[in-house]
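> Here is my input, please return the structure:
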Amino acid sequence: MKNPVFVAIDTTDADRARTIVELVGPSVGGIKLGLEFFAANGPAGVAEVADLGLPLFLDLKLHDIPNTVAKAVAALAPLAPAVLTVHAAGGQEMLKAAKAAAPEGAKIVAVTVLTSLDRGDLVDIGVPSSPENQVVRLTELARRSGLDGIVCSGAEVAAAKDAWPGGFFVVPGVRPAGSADADQKRVMTPRDALGAGASILVVGRPITASNDPARAAADIAGTLQLDSAAH
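Purely as a prediction, here's the structure:
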């Protein structure tokens with residue numbers, strides 16, 4: 001099995017990011033760099049980490065008018081992301097524009113409901129729906145818009161896959177058994193998320209905050225019965 005574990009490197013420290021990549025590289029399938037790292041280090045900093053050789057998941061959650069998002073996606077093309085996120089809430093025309101501007105080989109995936117939100121949070125922002133229903137609604141929008149897949153929690157990935165059997169499903173908020181949930185409200189173990197239909201698993205602090213990130217990454221890969229050298 002191709003290794004589905006992508007480690008989320010949420011730091012502003014470029015040296016720390018490179019160190020983590022070097023430590024976990026043998027046991028993970030890719031790296032995720034998000035807004036925190038991008039804001040501090042820019043495209044040049046992302047390129048330096050990506051040059052270490054692991055597939056890049058660039059998690060910027062782009063959300064703006066279609067023309068602006070299309071130009072942003074095109075501007076990111078030199079970084080050769082394997083996966084790039086946009087917000088499903090941007091609507092069909094924005095999603096289509098993002099996909100049309102994407103570099104060859106990049107999967108454009110739409111963020112549905114953040115893993116830090118629960119039903120009460122959705123009500124607060126005017127969405128009178130359960131997280132699962134909202135995820136399915138936005139999954140269908142992403143499919144109609146020609147995207148490659150979506151981002152959702154492990155709690156909704158089975159329903160999303162039912163709605164889109166051929167979709168690509170990114171599942172963040174993944175926590176090994178016994179790990180703290182931190183600011184995530186809808187979490188699942190890596191093995192359970194993979195079994196429910198995840199295409200890639202995003203694991204952050206259980207690896208990066210560990211005293212031994214290399215061992216933590218290898219242990220997670222081990223729970224999935226992966227060849228630790230697989231990418």
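> Now do the contacts for the nearest residue to residue 8 once chain neighbours are set aside.
Nearest non-adjacent residue to residue 8, counting by CB to CB, 6 or more residues apart in numbering: residue 204, 3.4 Å away. From N, CA and C alone the C-beta is placed, and that goes for glycine too. Under the criterion of CB atoms under 8 Å, 6 or more residues apart in numbering, the contact partners of residue 204 comprise 7-10, 32, 172.
> Now tabulate those residues in JSON lines and tack on pLDDT and secondary structure.
Converted to JSON lines, these look like this (pLDDT from 0 to 100; DSSP: H, G, I helix; E, B strand; the rest coil):
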{"residue": "7", "pLDDT": "96", "secondary structure": "strand"}
{"residue": "8", "pLDDT": "96", "secondary structure": "strand"}
{"residue": "9", "pLDDT": "95", "secondary structure": "coil"}
{"residue": "10", "pLDDT": "90", "secondary structure": "coil"}
{"residue": "32", "pLDDT": "97", "secondary structure": "strand"}
{"residue": "172", "pLDDT": "91", "secondary structure": "coil"}
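> Now flag whichever of the residues you listed is closest to residue 90.
Each of the contacts of residue 204 was checked against residue 90 using CB to CB; the closest is residue 172, at 18.8 Å.
> Was I right to think that closest one contacts residue 202?
Yes: the criterion here is CB atoms under 8 Å, and residue 172 meets it with residue 202 at 4.0 Å.
> What distance do you get for residue 66 to residue 139?
Applying CB to CB, to the nearest Å, one obtains 20 Å for the distance of residue 66 from residue 139.
> Name the residues that touch the strand ranked longest in the chain?
Criterion DSSP state E: the longest strand present in the chain is strand 56-62. Residues from elsewhere that reach strand 56-62, judged by CB under 8 Å, 6+ apart: 6, 8, 30-35, 38, 46, 49-50, 69, 72-73, 76, 79-87, 90, 98, 111, 170, 200, 202.
> quick one: strands adjacent to it?
Taking DSSP bridges as the criterion, strand 56-62 forms sheet pairs with strand 30-34 (parallel), strand 83-87 (parallel).
> Tabulate those strands (CSV), appending mean neighbour count.
Formatted as CSV, those follow (neighbours: other CB atoms under 10 Å):
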stretch, mean neighbour count
strand 30-34, 23
strand 83-87, 25
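> Can you lay out those as CSV showing distance to residue 14?
Output for the strands paired with strand 56-62, formatted as CSV (distance: least, CB to CB, whole Å):
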stretch, distance to residue 14
strand 30-34, 10
strand 83-87, 20
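> what's the closest of the ones you listed to residue 150?
Between residue 150 and those, the tightest spacing by CB to CB is seen for strand 83-87, at 9.4 Å.
> helix or strand right after the closest one?
On the C-terminal side of strand 83-87, the nearest following helix or strand under DSSP states H and E is helix 92-101.
> That concludes my questions; thank you for your assistance.
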